[in-house]
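J.: Fold the following for me, if possible:
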Amino acid sequence: MAPRIWLLGVTGILCALSLGTWGASDPVPSCNASTNTNCAECLRNVSCLWCNSKNKCYHYPVRKILPPKSLCPLSDARWGVCWVNFEALIIAMSVAGGIIILSICVCCCCCCCRKKKNRQHDATDQKMEREKEQRKMRQEERKSEMKVRHDEIRKKYGLFNQQNSYAKFENN
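T.: Modelled structure (predicted):
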């Protein structure tokens with residue numbers, strides 16, 4: 001139930017954001033119209049790429065993941081924001097992705113190991129409980145054997161039928 005509500009909420013937010021961008025009154029210029037202006041004007045359109053070395057605005061080659069070096073070197077390419085070059089953006093995204101993947105792997109390993117340890121502890125606890133019961137049974141057997149042996153000794157020496165052997169002697 002909760003994942004469905006979460007999914008509906010995310011869908012609603014995305015729809016609201018897309019409606020907000022459709023209703024924008026300020027038209028976004030094409031990439032060719034922003035040539036020889038500045039980086040901020042070029043990057044207002046998300047499909048544009050600014051090349052710092054050539055001071056030109058290009059249409060981002062969406063069929064390729066990275067823009068070719070012939071279009072603009074990665075160290076001079078700007079996309080999304082003007083203050084981060086494409087190389088730094090790629091490195092930062094790679095590091096962030098690696099950290100996320102590593103943390104997910106660590107969490108999965110911790111969960112699996114914890115379950116395995118719990119199973120091992122359960123087996124160890126059961127084994128210790130069985131051993132405790134066996135010791136208790138052996139102790140009870142020894143106790144009953146000792147009682148029988150003591151009773152035989154008392155019987156042999158005639159001490160078996162006395163009610164209170166430690167009663168005070170009364171002076172008559």
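J.: Surely Y58 touches L49?
T.: Yes - at 4.8 Å, Y58 counts as touching L49 under the criterion of Cβ atoms under 8 Å. Every residue, glycine included, has its C-beta placed from N, CA and C.
J.: overlap in contacts of those two?
T.: C31, P67, L71, C72 (Cβ atoms under 8 Å, 6 or more residues apart in numbering).
J.: Tabulate those (a markdown table), appending pLDDT, neighbour count and secondary structure.
T.: Putting those into a markdown table (pLDDT from 0 to 100; neighbours: other Cβ atoms under 10 Å; DSSP: H, G, I helix; E, B strand; the rest coil) gives the following:
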| residue | pLDDT | neighbour count | secondary structure |
| --- | --- | --- | --- |
| C31 | 78 | 19 | coil |
| P67 | 81 | 18 | coil |
| L71 | 85 | 17 | coil |
| C72 | 86 | 21 | coil |
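J.: Return the member of those residues nearest to C105.
T.: Among the shared contacts of Y58 and L49, P67 lies closest to C105 (Cβ to Cβ), at 31.6 Å.
J.: check contacts around the closest one.
T.: Taking Cβ under 8 Å, 6+ apart, one finds L49, Y58, Y60, P61, L74, A77, F86 in contact with P67.
J.: is it fair to say the first one lies in a strand?
T.: Yes - with DSSP: H, G, I helix; E, B strand; the rest coil as the criterion, L49 is located in a strand.
J.: Measure how buried it is and give me the count.
T.: 22 (other Cβ atoms under 10 Å).
J.: cool, and the second one?
T.: When neighbours are counted by other Cβ under 10 Å, Y58 registers 21.
J.: Mind jotting down where the helices sit in the protein?
T.: 2-22, 39-42, 86-156 (DSSP state H).
J.: out of those, deepest packed?
T.: Neighbour counts averaged per stretch over the helices of the chain are highest for helix 39-42, at a mean of 18; criterion: mean count of other Cβ atoms under 10 Å.
J.: Quick one: distance of it to the chain centre.
T.: Counting by Cα atoms, centre = their mean, to the nearest Å, helix 39-42 is centred 40 Å from the centre of its parent chain.
J.: hey, C-alpha coordinates of it in PDB?
T.: Only the C-alpha atoms of helix 39-42 are listed here, as PDB (Å, rounded to 0.1, in the frame of the first residue of the first chain):
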ATOM      1  CA  CYS A  39      26.900  30.800 -21.100                       C
ATOM      2  CA  ALA A  40      23.800  31.700 -19.000                       C
ATOM      3  CA  GLU A  41      21.700  32.600 -22.000                       C
ATOM      4  CA  CYS A  42      22.800  29.400 -23.800                       C
END
